[in-house]
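Engineer: structure of the sequence below:
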Amino acid sequence: MGGHPWFYFVDYEPDVNAALQRLRHQEFRAGRYNPAVWFPEFPIGPQSPSPGAQHRSIAGALAAAGESGTRSILDMERVVAAPSFRAVAPLVGEDLQRLFGTDRPTHDLVANSDELFEVLERGQGVCIIVYKGNQPVEIFFAGYSFD
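Structural biologist: Reported below is the predicted structural model:
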């Protein structure tokens, strides 16, 4: 089976790891992860299914998901400087320029990028600071599931 892409936009905050952890807990409480929802649908919005957490903890959900992973942000445990398994790394500099033509991509540029998912590896994620003008307004998290 092939990997499945997942992605989220969250409000910007300078502490990207805090934003990641908050998003992980939000999606866990909503139950938008495998095996509670076998294949969560993206983008997540107000009408997205939200069956509620089906496990006692994120660790329990990860264990229940097994080798497939949760097919969601729950699989990403931390923010790191360079791509790593089960981690989110910032996409910066040359990569931003190559994918978006700027080092300050807008929501529309990021949301409409098919090329972004071509550079992602299974079991890894990226984060991108999204701008409106010169102001950071969102953080975009994206990645591929393990299977």
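
Engineer: after the worst-scoring helix or strand of the chain on mean pLDDT, which helix or strand is next?
Structural biologist: Every helix and strand of the chain was ranked by mean pLDDT, DSSP states H and E. The lowest is helix 93-100, at a mean of 93. Note on helix 93-100: by DSSP states H and E, the next helix or strand toward the C-terminus is helix 107-111.

Engineer: who are the packing partners of that following helix?
Structural biologist: In terms of contacts (3 or more Cβ pairs under 8 Å, 6 or more residues apart in numbering; DSSP states H and E), helix 107-111 is packed against strand 5-11, strand 125-132, strand 135-144. Every C-beta, even on glycine, is put in place using the N, C-alpha and C of the backbone.

Engineer: let's go with 10 Å and repeat that
Structural biologist: With contacts taken as 3 or more Cβ pairs under 10 Å, 6 or more residues apart in numbering; DSSP states H and E, helix 107-111 sits against strand 5-11, helix 93-100, strand 125-132, strand 135-144.

Engineer: angle of the second one against strand 125-132?
Structural biologist: It stands for helix 93-100. Per axes from the mean of the first three to the mean of the last three Cα atoms, to 10 degrees, the angle that helix 93-100 makes with strand 125-132 is 70 degrees.

Engineer: only the buried residues of helix 93-100, if you could.
Structural biologist: 96, 99, 100 (16 or more other Cβ atoms under 10 Å).

Engineer: the third one too?
Structural biologist: For strand 125-132, a neighbour-count test (16+ other Cβ under 10 Å) marks 125, 126, 127, 128, 129, 130, 131 as buried.

Engineer: for residue 80, what are its contacts?
Structural biologist: The neighbourhood of residue 80, defined by Cβ atoms under 10 Å, 6 or more residues apart in numbering, consists of 17, 86, 87, 88, 89, 90, 124, 125.

Engineer: cool, and residue 108?
Structural biologist: Taking Cβ under 10 Å, 6+ apart, we find residue 108 in contact with residue 130.

Engineer: that one and residue 29: what is the separation?
Structural biologist: Distance of residue 108 to residue 29, given as Cβ to Cβ, to the nearest Å: 29 Å.

Engineer: one step back: output the buried residues of strand 125-132 as a markdown table; include the columns pLDDT and distance to residue 49.
Structural biologist: Shown next, in a markdown table, are the buried residues of strand 125-132 (pLDDT from 0 to 100; distance: Cβ to Cβ, whole Å):
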| residue | pLDDT | distance to residue 49 |
| --- | --- | --- |
| 125 | 96 | 22 |
| 126 | 97 | 25 |
| 127 | 98 | 25 |
| 128 | 98 | 26 |
| 129 | 98 | 29 |
| 130 | 98 | 25 |
| 131 | 98 | 31 |
